[in-house]
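>>> Build me a model from this:
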Amino acid sequence: MNADRADEPGAIGAAGAAAGAVGAADVAGAAGAAGAADVIVVGGGNAGFAAALAAVERGRRVVLLEKAPRDAAGGNSYYTAGATRITHGGLDDLRDILDADPRHERTVVPPYSAEEYVADITSLSGGRNDPDRTAVLVGDSHDTLRWLHGLGMRYELLYGRQAYSQTDGGWLFWGGLHVGNVGGGVGMIEDYTRIAGNLGVDIRYQHRVTALTTDGDRVTGVVVDTPNGRQQLAAGSVILAAGGYHANPELLTEHLGAGWDQVVVRGTPYSTGDLISAALEVGAARDGDWDTVHAVQLDAWYAENSSNRELTNRLARLSYPLGIVVNRDGERFFDEGADFRNYTYSKLGKEVLAQPGNIAFQLFDSRTRELLRPDQYDMPGISVVIADTVEDLARQAGIDPAGLTETVLEFNASITPDAAFDPTIKDGRRADVAPPKSNWAVELAAPPFYAYPVTCGITFTYGGIASDVDGRVLDEHGAPIAGLFVSGEMLGGIYWGGYPGGAGLALGAVFGRRVGLLA
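Prediction:
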């Protein structure tokens, strides 16, 4: 896969050969103008496809340019579980957009209000999120999913990921994230590609945009490297939906510091920041959090744990709130039960990166093992150590036996007995150790014991391009750059430090549709 990657820019925002503003005279040596479009969309993930569908529905001639070859396309969206966070009033408010499932009659889906959604984003962003664009994201989330469903996208409830089975045979959902694409991210991109083809979107693979062309203050098209050489494509509007720079080790080190060039790329290897550079070169302003990224706990020992298109999201390890997580010294280093994993998982890859050897171990016993996500913890070829004693588990996993034994004994003894374990709520079953475990504390006491090695897997970057509530790209003075729009991970300003799970796909779909209606 890496052999297909084009050269990467050396630094975002630096004037240079990788990307930038190009006038008509600058492309005289290229293959020449290769046809016009009303709208050019750069990037073939969720955000790009949503923009393309909205534009083509309006009768626009749409060309979608995807950097990757077809068999590696789909951006980060392909690697997701397909979960999209939307507001809704409960199961009855969702039935008509969901594939039929006999479990629906035995299922409780709590409503998720706009107020809760805004509060979740605001809390996880420390209040730094732009309130106007946050309101658009939240307010349009439900209708956008309905619009996509009407075009042929398929959705289902996320059983096994966002629900626990009950003793009466029913299911109870939790955490505000309830709906996802049938077939996960793979199914999402398959649906998008089929619908876009049926509606007449011109999808061109292995087309790497290297620069934006301009006429005065207006963006007029793109320069693109294709299998047939360099071309200039003209358009009335250009929509940028090409992702961030999570697959560019140099930029990660520049913006995040030492060690970030060693992280495993969880998603697409094609997000290298080219189009952020191009936008900055034509005068776009930066926005958002350039000091933090979305990074999760990923299988550390699986040989092909980077950008794996077969296993995709199954390589993540996200049931950690049910157990404890230790480093190779046997020490815990964060509160596994601080909140539902939807609100903490994107921050914890960074915590693992800071541990010795960039590795940690998620520990469970025979009781909690039964509750782990089957899509991830029953993955074929999963890395796991199983033992009948804590000491033997430590020796096999490469954890300090004395350190782990002390940690487990202290943890087990510190659990408050007056709260019942309930994974569907923040149950207050606490372990009073340092760091504490605020919820879902269960003694590690029933053999066999399980240790899952995890490392830091980067998903995407938060820093991006400034825009208004309609996705128009803004310059340093806050004025729109004519002809230029942005959506998806390139749109900065909403997520800072963390975000609620499923809100990333919601942002791409909402603002993708929004810019497609304007472009």
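>>> by contact count, what packs against the helix or strand harbouring Cys456?
In this structure, Cys456 sits in strand 449-461 according to DSSP states H and E. The helices and strands touching strand 449-461, judged by 3 or more CB pairs under 8 Å, 6 or more residues apart in numbering; DSSP states H and E, are helix 249-256, strand 264-265, strand 293-299, helix 348-353, strand 360-364, strand 385-387, helix 390-397. C-beta here means a position set from N, CA and C on the backbone, and glycine is covered the same way.
>>> Could I get these in JSON lines, plus columns for mean neighbour count, distance to Gly403 and mean pLDDT?
As requested, the helices and strands packed on strand 449-461 are exported to JSON lines (neighbours: other CB atoms under 10 Å; distance: least, CB to CB, whole Å; pLDDT from 0 to 100):
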{"stretch": "helix 249-256", "mean neighbour count": "19", "distance to Gly403": "29", "mean pLDDT": "96"}
{"stretch": "strand 264-265", "mean neighbour count": "22", "distance to Gly403": "25", "mean pLDDT": "98"}
{"stretch": "strand 293-299", "mean neighbour count": "26", "distance to Gly403": "20", "mean pLDDT": "97"}
{"stretch": "helix 348-353", "mean neighbour count": "22", "distance to Gly403": "17", "mean pLDDT": "97"}
{"stretch": "strand 360-364", "mean neighbour count": "27", "distance to Gly403": "12", "mean pLDDT": "98"}
{"stretch": "strand 385-387", "mean neighbour count": "17", "distance to Gly403": "16", "mean pLDDT": "98"}
{"stretch": "helix 390-397", "mean neighbour count": "20", "distance to Gly403": "8", "mean pLDDT": "98"}
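>>> Between these, which one is closest to Pro447.
The closest approach between Pro447 and any of the helices and strands packed on strand 449-461, judged by CB to CB, belongs to strand 385-387 at 7.8 Å.
>>> List the strands paired with the closest one, with their directions.
strand 449-461 (antiparallel) (DSSP bridges).
>>> Please identify the buried residues of the strand it pairs with?
Under the neighbour-count criterion of 16 or more other CB atoms under 10 Å, strand 449-461 has 449-461 buried.
>>> Output it as PDB, nothing but the C-alphas.
C-alpha atoms of strand 449-461 as PDB (Å, rounded to 0.1, in the frame of the first residue of the first chain):
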ATOM      1  CA  PHE A 449      -7.000 -14.100  33.400                       C
ATOM      2  CA  TYR A 450      -6.500 -12.300  30.000                       C
ATOM      3  CA  ALA A 451      -3.900  -9.700  28.900                       C
ATOM      4  CA  TYR A 452      -4.300  -7.900  25.600                       C
ATOM      5  CA  PRO A 453      -1.200  -5.900  24.500                       C
ATOM      6  CA  VAL A 454      -2.000  -2.500  23.100                       C
ATOM      7  CA  THR A 455      -0.100   0.300  21.500                       C
ATOM      8  CA  CYS A 456      -0.900   3.800  20.300                       C
ATOM      9  CA  GLY A 457      -2.900   3.800  17.000                       C
ATOM     10  CA  ILE A 458      -3.400   7.200  15.400                       C
ATOM     11  CA  THR A 459      -6.800   7.800  13.700                       C
ATOM     12  CA  PHE A 460      -6.800  11.500  12.700                       C
ATOM     13  CA  THR A 461      -5.600  15.000  13.500                       C
END
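>>> next helix or strand past that strand?
Sequence-wise, the next helix or strand downstream of strand 449-461 (DSSP H and E) is strand 464-465.
>>> Residues contacting that following strand, please?
Residues outside strand 464-465 that contact it (CB atoms under 8 Å, 6 or more residues apart in numbering) are 240, 244, 276, 279-280, 284-288, 473, 486, 489-493.
>>> What's the first helix or strand after the lowest-mean-pLDDT helix or strand in the chain?
The weakest-scoring helix or strand in the chain, judged by mean pLDDT, DSSP states H and E, is strand 21-22 (a mean of 56). Counting by DSSP H and E, the next helix or strand C-terminal to strand 21-22 is strand 33-42.
>>> Identify all contacting residues around that following strand.
Contacts with strand 33-42, where a contact means CB under 8 Å, 6+ apart, come from 48, 51-52, 55, 60-65, 202, 209, 221-222, 231-242, 275, 516, 519.
>>> Select from those residues every entry located in helices.
Among these, the residues falling in helices (DSSP state H) are Gly48, Ala51, Ala52, Ala55, Leu275, Gly516.
>>> What does the pLDDT read for Glu8?
pLDDT recorded at Glu8 is 33.
>>> again but with Ala31, I slipped
Value for Ala31, per-residue pLDDT: 35.
>>> Next: the one 10 residues further on.
Model confidence at Val41, expressed as pLDDT, equals 98.
>>> Show the average pLDDT along stretch 44-52.
98.
>>> switch to numbering from 22
Okay, residue one is now 22; in that scheme the one you just asked about reads as stretch 65-73.
>>> Give me the distance from it to the chain's centre.
15 Å (CA atoms, centre = their mean, to the nearest Å).
>>> send the alpha carbons of it over as PDB?
Taking Å, rounded to 0.1, in the frame of the first residue of the first chain, the C-alpha atoms of stretch 65-73 are listed here in PDB:
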ATOM      1  CA  GLY A  65     -13.400  10.000  -1.400                       C
ATOM      2  CA  GLY A  66     -14.400   9.400   2.200                       C
ATOM      3  CA  ASN A  67     -17.600  10.100   4.000                       C
ATOM      4  CA  ALA A  68     -17.300  13.900   3.900                       C
ATOM      5  CA  GLY A  69     -16.300  13.900   0.200                       C
ATOM      6  CA  PHE A  70     -19.100  11.600  -0.900                       C
ATOM      7  CA  ALA A  71     -21.700  13.500   1.100                       C
ATOM      8  CA  ALA A  72     -20.600  16.700  -0.600                       C
ATOM      9  CA  ALA A  73     -20.600  15.100  -4.100                       C
END
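>>> So for that stretch, what gets flagged as buried?
Result for stretch 65-73 [16+ other CB under 10 Å]: buried residues Gly65, Gly66, Asn67, Ala68, Gly69, Phe70, Ala71, Ala72, Ala73.
>>> tell me the contacts of the last one?
When you say that, I think you mean Ala73. Neighbour list for Ala73: Val60, Val62, Val83, Leu85, Ala217, Val222, Gly537 [criterion: CB under 8 Å, 6+ apart].
>>> re earlier: in JSON lines, list the buried residues of strand 470-482 along with pLDDT.
Listed next are those as JSON lines, based on pLDDT from 0 to 100:
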{"residue": "Phe470", "pLDDT": "98"}
{"residue": "Tyr471", "pLDDT": "98"}
{"residue": "Ala472", "pLDDT": "98"}
{"residue": "Tyr473", "pLDDT": "98"}
{"residue": "Pro474", "pLDDT": "98"}
{"residue": "Val475", "pLDDT": "98"}
{"residue": "Thr476", "pLDDT": "98"}
{"residue": "Cys477", "pLDDT": "98"}
{"residue": "Gly478", "pLDDT": "98"}
{"residue": "Ile479", "pLDDT": "97"}
{"residue": "Thr480", "pLDDT": "95"}
{"residue": "Phe481", "pLDDT": "95"}
{"residue": "Thr482", "pLDDT": "96"}
